[in-house]
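A.B. asks: Sharing a model that was predicted from the sequence below.
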Amino acid sequence: MRISSVSFTRDLSKAYIYVENAATRELRISGVYVGGEDATSSADVKQAELKPGDKTLVVVERDRPFRRGEVVKLRVEAGQVAASAEVRALPAEFPVGIYGGDEVLSNRQALMEVLEMGLDTLVAGPDKLEAARRHGLRVVAYAPRAGESIDLDAVRRYAGHPALLAWYVVDEPDIWEVGGRLPEGWTAKWTGEVRKADPATPTYIVLCDPWSLERFASLPDILAVDPYPVSHLPLRYVEFMARRAVRAAAPRPVWLIPQAFRHGRPPRSGGWWWNRFPTPEEERLMVFMGLGQGLKGVIYFTYHSFIDNPNDPVEGVSSSHVDAAALRRGIARMSGELHALGRLLAFSDVFTETRSAAAWSRSGSVEAASLVAGDEAVVLVLVNHGYVSTPRGFEVAPAREVVVEARIPRWIKVLGAYRVAEWGVEDVELKVEGGVARITLPRLETAAAVVLAASNSAYRALVEEWRIWRRY
């Protein structure tokens, strides 16, 4: 048995704990312990009996909220079998943002462009926090350096700023530490030191090597991964890396850094692997592939350009290249969907291959994933793999009359199905029989999400978020 995901509500009064039976026999949950105290009688165990490979949800609600940043020890028992985890009590978030925040916040035209793209988060230095706050933006802030160390006094000075979303401790230690350019143990040491200096703010690191995930994934409060497949790897590389990352970081959240750049000229090494921008269709596929694997945030790389770097001549979406302009519009058109879905996905877990909420497609090129969001909804993420992505371009054949089926967990009663799309939140044809929901989409171009909602309030919240963040 293992705890696969833990999320806390914004006010920290409630914890959503997802538990998986990884054993070979049926288990029955018999005890729930929080912070060493027996919470069995007050915990809401949605499904106590667990078949092998199945998952359930345990909701723990407190009259007195968890203290922000406190380490919460969790233990769930099933007879002689138990699963344990330690997580920090931090509000669940689903950011939609972009790298290059220092340039964005130093240039009014760039700022207007980012706001028009429907983004709410920037990656920038902590000196940009106040500028971000003035425009309603949050910041994943680079932890300030003092030589090879982190300036903990500066961390303490910025702690508590309302625009501070997370501390960016290090980028890609699977290159820098593994390669010997950072001392052995640097990432673990300084992640812990930043956490001590500012206990209320999450720590954040990024990994790029799927084979080094287990070494670093459990160190930060938030892990991000940056699979960049266009135009030299299959797009499904995103799924592969996302799936491994979620497993390695569990029960902590993982965010996606989708590729939104190209190399503007061949790098000094000679290989021009990233020779073109992703098309808007490829960007959408990459994002939704990540969502289907349980990723809980999207931070695009990148807005800014540094083509003058001969080793890494990155050209971001601020470029005047016609393909960059098209990609900016594609990102903007997704913003309403992502913000609306993010409200649910922030406290969800993947149930695609479980007995309780397995999902499958009856259309050959379409892959279906299911995510359970507490007791509010099941989110189905559909990806059409009928495409060809090459160094020269991208083509896709739309799927028609797409039929997807999904089991509904016993603690959710589905009242309606809604497709969250760039043009709005629309009803979807739904049939529920024998605990299985069946939906039909007349056409699927690339990827989509369908919410099987358990309440009218869940539907209204989707519509409200979409209205705020929609961009055309």
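C.D. replies: Here it is on my side, so go on.
A.B. asks: Please list all residues in contact with Ala440.
C.D. replies: In this structure residue 440 is Thr, not Ala. For Thr440, the contact set (CB atoms under 8 Å, 6 or more residues apart in numbering) comprises 401-403, 428-429. No exception for glycine: its C-beta is placed from N, CA and C like everyone else's.
A.B. asks: I'd say Glu426 and Leu441 touch.
C.D. replies: No. Glu426 is not in contact with Leu441 according to CB atoms under 8 Å; the separation is 10.3 Å.
A.B. asks: between those two, who's got more neighbours?
C.D. replies: Neighbours were counted for Glu426 and for Leu441 using other CB atoms under 10 Å; Leu441 has more, 19 against 11.
A.B. asks: Run through the bridge partners of the more buried one.
C.D. replies: Note on Leu441: beta-bridge partners Val402, judged by DSSP bridges.
A.B. asks: Hmm, it is touching Leu382, no?
C.D. replies: Yes. Here Leu441 reaches Leu382: they are 7.4 Å apart, a contact under CB under 8 Å.
A.B. asks: what residues are shared contacts of these two?
C.D. replies: With CB under 8 Å, 6+ apart, Leu441 and Leu382 have common neighbours 402, 404, 448, 450.
A.B. asks: Quickly name whichever of those is closest to Pro52.
C.D. replies: Pro52 lies nearest to Val404 out of those, by CB to CB, at 24.8 Å.
A.B. asks: residues contacting that closest one?
C.D. replies: By CB under 8 Å, 6+ apart, the contact set of Val404 is 359-363, 366, 368, 380, 382, 438-439, 441, 450.
A.B. asks: Out of those residues, who's the most crowded?
C.D. replies: Highest neighbour count within the contacts of Val404, by other CB under 10 Å: Leu380, with 27 neighbours.
A.B. asks: The nearest residue to it once chain neighbours are set aside in helix, strand or coil?
C.D. replies: Leaving aside its sequence neighbours, Leu380 sits nearest to Val450 (CB to CB, 6 or more residues apart in numbering; 4.5 Å). Under DSSP: H, G, I helix; E, B strand; the rest coil, Val450 falls in the strand class.
A.B. asks: Tell me how far the most centrally placed residue in the chain lies from Val287.
C.D. replies: With distances taken as CA atoms, centre = their mean, the residue of the chain nearest its centroid is Lys296 (2.1 Å). Lys296 sits 12 Å away from Val287, going by CB to CB, to the nearest Å.
A.B. asks: Now do the same for the helix or strand where Ser335 lies: mean pLDDT, whole number.
C.D. replies: Using DSSP states H and E, Ser335 maps to helix 322-345. For helix 322-345, mean pLDDT is 98.
A.B. asks: buried sites along that helix?
C.D. replies: Along helix 322-345, these residues count as buried under the neighbour rule (16 or more other CB atoms under 10 Å): 323-324, 326-345.
A.B. asks: same thing with stretch 5-23?
C.D. replies: Neighbour counts over stretch 5-23 (16+ other CB under 10 Å) mark 5-9, 12, 14-21 as buried.
A.B. asks: Show me how far that stretch is from its chain's centre.
C.D. replies: Put simply, stretch 5-23 sits 16 Å off its chain's centre (CA atoms, centre = their mean, to the nearest Å).
A.B. asks: Over to stretch 45-60?
C.D. replies: With CA atoms, centre = their mean, you get 23 Å for stretch 45-60.
A.B. asks: Let's see the distance spanning that stretch from one end to the other.
C.D. replies: 9 Å (CA to CA, to the nearest Å).
A.B. asks: Over to stretch 146-158?
C.D. replies: 15 Å.
A.B. asks: Can you show me the strands along the stretch 151-300 of the chain?
C.D. replies: With DSSP state E, counting those that start in this stretch as the criterion, the stretch 151-300 of the chain has strands at 164-171, 203-207, 222-225, 254-256, 262-263, 298-300.
A.B. asks: possible to save these as TSV with distance to Ala143 and mean neighbour count?
C.D. replies: Putting the strands of the stretch 151-300 of the chain into TSV (distance: least, CB to CB, whole Å; neighbours: other CB atoms under 10 Å) gives the following:
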stretch	distance to Ala143	mean neighbour count
strand 164-171	5	24
strand 203-207	8	26
strand 222-225	13	25
strand 254-256	17	25
strand 262-263	28	23
strand 298-300	16	26
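A.B. asks: Could I get these in a markdown table, plus columns for distance to Ala131 and mean pLDDT?
C.D. replies: Below are these laid out as a markdown table (distance: least, CB to CB, whole Å; pLDDT from 0 to 100):
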| stretch | distance to Ala131 | mean pLDDT |
| --- | --- | --- |
| strand 164-171 | 13 | 98 |
| strand 203-207 | 20 | 98 |
| strand 222-225 | 23 | 98 |
| strand 254-256 | 23 | 98 |
| strand 262-263 | 28 | 98 |
| strand 298-300 | 18 | 98 |
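A.B. asks: Okay, and which of the buried residues of stretch 5-23 map to strands?
C.D. replies: Cross-referencing those against strands under DSSP state E gives 5-8, 14-20.
A.B. asks: and Ala377, what are its bridge partners?
C.D. replies: In beta-bridge terms (that is, DSSP bridges), Ala377 pairs with Ala373, Ala453.
A.B. asks: Against Glu367, how distant is it?
C.D. replies: 20 Å.
A.B. asks: Number of residues surrounding the closest residue to Asp209 other than its chain neighbours?
C.D. replies: Leaving out its chain neighbours, the residue that sits closest to Asp209 by CB to CB, 6+ apart is Asp174, at 4.1 Å. Asp174: 20 surrounding residues under other CB under 10 Å.
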